[in-house]
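# A predicted structure for the sequence below; I have some questions about it.
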Amino acid sequence: MISRFRLILAISSIGLLCGPIHAAETSSEPALAKLKKTIDGVISPSKLKYLQSGVYAYSLDKNETLYEYNSDEKLIPASVNKIFTAYTALKKLKPNATFKTNISYTGSLKEGKLQGDLYLKGGGDPSFVSERLWMLVNELMRSGIRVVTGDIYVDASYFDSENTPQSRPKYLKDQAYNAPIGALSFNFNTTTIYVRPGDAPGEAPVVYTDPKNAYIDVVNQAKTGKAGANQSITVSRTDFVKGDIGDTILLRGTIPLDHKELRFYRNIVNPGLYAGHMFKTFFEDRGLKIEGSVKEAAVPSNAKQILEFESIPLWQVVWGMNKFSNNFVADMILKKVGAEAWGVPGTLAKGVTALEDALEDIGIARKSYAIQDGSGLTRNTRVTARQIVTVLKAAQRDFSLSSEFVSSLGIGGEDGTLKNRFPSMAGHPMVRGKTGTLDGVTALAGYAQTEEGEKIAFAVLLNDPKEKYGRMTPWADQIATALTRFSRK
């Protein structure tokens, strides 16, 4: 459903260069001095007492540093961390790699009736959404199964059982961007709750879950208020109780009679059970029948595989991850990398080790940074602006993945998380980048092109525990804009 990416170290040797080249460099000095003055003015230490900044800009065409400020300072990158994840996945797995979801059965299958159980095993596919599940059911129908007398068993053993990484902030709970990770997952492990006013004040609002399913139980304690009243609807997922077969969504508050439909995105707790319930729903929507219920268990050794369903290619998954900064997809990808590199079950720790291998191959030393996940949702990750640009340089110059990597980045003024930024660039894109936002953190990294056509890789990391990211976002954009306006003339 989702819409869809070698290090070259330039060592300056001023004084050893011949006369004509030295003269050309000298002619650029006023332009570089002007760029420095502009960016220094944006991140001046006097601007905010607690602001920590790391900025690095490098000309890919001239192989030279254009600007740097605290470029080796380890700072929180937030979702810019996905640049490391995207590069590692495309390098280690290759752009056309796929994720596989398998269906097996036990018992006997005769004349469309399965006297036994059906097993659904996930392969870590982060693109397993409604449309893809519908296609899987269509393929399964061609196997001839029409009735299952037993149960549906879900198997998520391709990944470990840590669905919500311990490194994520503890205050996050049911927000969609904090969705859990599971080898068998569905619709990014989120659900959408729609709320409309009832027919008269005092009545319960009308509530829809999308997609409809038996996994989520909605407890509607809300009311329809008089026209013009204040809207106070809250939608929360209750704490998960071990042994529960699903989640409970609780609605409270008031929605005015004349209010438009409200929409809320929430995550779910058990990815495997959620996917299993949705499989059962889609299967039965086609007029087929499953007599049993949804349970969890590993596929037994005597099970017969009846279907292997492939995902969309990795490059499309990476495209969606970076364009929309999807945390769930990033951590799913990193666990997949870990499973392929170091064996099943895939874990974030294995994925990080594979990521460290990829970074070491392009000259970034282990222990010179701290990365704990694929998404950057944790506040424990610390990297430098120079390291980010090192990856950008490597990706841009690696023919095996450069096109897929670069195209996954948001286009300034046009799409992704940069759609509403750099409005003056709409129709004339000069920035492709990955954004990063957390409380007290704003980051932006990617590629910029000057009006003269010079291509630049850059990274901006702004950390200030006293500031909201929205306050600092314009500063990152001002730096990127300054790079697009850089001129050697």
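Noted; the coordinates are in hand.
# Just the pLDDT at residue 168, thanks.
You'll see residue 168 listed with a pLDDT of 89.
# Is it correct that it is in contact with residue 180?
No - the criterion here is C-beta atoms under 8 Å, and residue 168 misses it with residue 180 at 9.8 Å. Every C-beta, even on glycine, is put in place using the N, C-alpha and C of the backbone.
# Partner strands of the biggest strand by length in the chain, with direction?
Criterion DSSP state E: the longest strand present in the chain is strand 100-110. Strand 100-110 has the following strand partners under DSSP bridges: strand 113-121 (antiparallel), strand 304-310 (antiparallel).
# I'd like to know which of these is closest to residue 81.
Evaluated with C-beta to C-beta, those place strand 304-310 nearest to residue 81, the distance being 27.8 Å.
# Give me the buried positions along that closest one.
306, 307, 309 (16 or more other C-beta atoms under 10 Å).
# Packing partners of the helix or strand that that strand is followed by?
Toward the C-terminal end, the helix or strand that comes next after strand 304-310 (DSSP states H and E) is helix 314-324. Counting contacts by 3 or more C-beta pairs under 8 Å, 6 or more residues apart in numbering; DSSP states H and E, helix 314-324 packs against helix 82-92, helix 327-342, helix 402-407.
# Identify all contacting residues around helix 314-324.
Residues outside helix 314-324 that contact it (C-beta atoms under 8 Å, 6 or more residues apart in numbering) are 2-5, 82-83, 85-86, 89-90, 93-99, 126-127, 311, 326, 329-330, 333, 404-405, 407-410, 415-417, 434.
# again with stretch 33-49
51, 53, 55, 57, 66-67, 69, 462, 464, 466-467, 475, 478-479, 482-483, 486.
# of these, buried ones?
Using 16+ other C-beta under 10 Å, the buried ones in these are 51, 53, 55, 57, 66-67, 69, 462, 464, 467, 475, 479, 482-483, 486.
# Could you verify my assumption that residue 137 touches residue 283?
Yes - under the criterion of C-beta under 8 Å, residue 137 makes contact with residue 283 at 5.6 Å.
# pLDDT score for the residue most central in space within the chain?
Nearest to the geometric centre of the chain sits residue 326, at 2.3 Å (C-alpha atoms, centre = their mean). Note for residue 326: predicted pLDDT of 97.
# Run through this structure and note the low-pLDDT ranges.
1-27, 45-48, 239-245, 469 (pLDDT under 70).
# Which parts of it belong to which domain?
Domain ranges of the chain: 19-96+315-484, 99-311, per automatic domain parsing.
# So which of those is the most surrounded?
With neighbours defined as mean count of other C-beta atoms under 10 Å, these peak in mean count at domain 19-96+315-484, which reaches a mean of 20.
# How far away from the center of its chain is that domain?
On the basis of C-alpha atoms, centre = their mean, to the nearest Å, domain 19-96+315-484 sits 15 Å off its chain's mean C-alpha point.
# circling back to that earlier point, so of the buried ones among the contacts of stretch 33-49, which ones are in strands?
Of those, the ones assigned to strands by DSSP E are 53, 55, 57, 66, 67, 69, 462.
# mind putting those residues in JSON lines, distance to residue 273 included?
Output for those, formatted as JSON lines (distance: C-beta to C-beta, whole Å):
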{"residue": "53", "distance to residue 273": "45"}
{"residue": "55", "distance to residue 273": "46"}
{"residue": "57", "distance to residue 273": "48"}
{"residue": "66", "distance to residue 273": "52"}
{"residue": "67", "distance to residue 273": "51"}
{"residue": "69", "distance to residue 273": "49"}
{"residue": "462", "distance to residue 273": "41"}
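# these two touch, right, residue 91 and residue 401?
Yes - applying C-beta under 8 Å as the test, residue 91 and residue 401 come out as touching, 6.3 Å apart.
# shared neighbours, those two?
Contacts common to residue 91 and residue 401, judged by C-beta under 8 Å, 6+ apart, are absent.
# Now residue 349: which helix or strand?
Secondary structure from DSSP H and E places residue 349 in helix 348-361.
# Contacts for that helix, please.
6, 84-85, 87-88, 91-92, 162, 165, 167, 331, 333-343, 366, 369, 371-374, 387, 391.
# Please repeat the previous calculation with a cut-off of 6 Å.
When contacts are defined by C-beta atoms under 6 Å, 6 or more residues apart in numbering, helix 348-361 is touched by residues 84, 88, 91-92, 165, 334-335, 337-338, 341-342, 366, 371, 373.
# Spatially nearest residue to residue 379 (excluding sequence neighbours)?
Among residues not flanking residue 379 along the chain, residue 76 sits closest, at 5.8 Å (C-beta to C-beta, 6 or more residues apart in numbering).
# what about the strands in the stretch 101-250 of the chain?
113-121, 147-148, 152-155, 190-196, 206-210, 216-220, 223-225, 234-237, 247-252 (DSSP state E, counting those that start in this stretch).
# I'd like to know which of the ones you listed is closest to residue 438.
strand 190-196 (19.6 Å).
# gap between the two ends of stretch 148-159?
End-to-end distance of stretch 148-159 (C-alpha to C-alpha, to the nearest Å): 27 Å.
# actually stretch 442-457, sorry about that
Taking C-alpha to C-alpha, stretch 442-457 runs 18 Å from one end to the other.
# Over to stretch 218-234?
By C-alpha to C-alpha, the extent of stretch 218-234 from end to end equals 13 Å.
# if I look at the closest residue in space to residue 263 that isn't next to it in sequence, how far off is residue 411?
Closest residue in space to residue 263, ignoring its immediate chain neighbours: residue 194 at 5.6 Å, by C-beta to C-beta, 6+ apart. As judged by C-beta to C-beta, to the nearest Å, residue 194 and residue 411 stand 31 Å apart.
# you'd agree residue 187 is up against residue 127?
No - at 10.2 Å, residue 187 does not count as touching residue 127 under the criterion of C-beta atoms under 6 Å.
# any idea how far residue 361 lies from residue 81?
For residue 361, the distance to residue 81 equals 18 Å [C-beta to C-beta].
# Equivalent analysis for residue 318, please.
Taking C-beta to C-beta, one finds residue 318 at 14 Å from residue 81.
# again with residue 423
From residue 423 to residue 81 the distance is 26 Å (C-beta to C-beta).
# what do you get for residue 167?
12 Å.
# quick revisit: just the CA atoms of the longest strand of the chain, as CSV, please.
Extracted in CSV, the C-alpha atoms of strand 100-110 (Å, rounded to 0.1, in the frame of the first residue of the first chain):
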residue,chain,number,x,y,z
LYS,A,100,7.9,-13.9,2.5
THR,A,101,4.7,-14.9,4.3
ASN,A,102,4.0,-18.6,4.3
ILE,A,103,0.8,-20.6,4.7
SER,A,104,0.9,-24.2,5.7
TYR,A,105,-1.6,-26.8,7.0
THR,A,106,-1.9,-29.9,9.0
GLY,A,107,-4.6,-32.6,8.6
SER,A,108,-6.2,-33.6,5.3
LEU,A,109,-7.5,-31.5,2.5
LYS,A,110,-10.2,-33.0,0.3
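# What is the distance between it and the centre of its chain?
Per C-alpha atoms, centre = their mean, the centroid offset for strand 100-110 relative to its chain is 32 Å.
# Much appreciated, bye for now.
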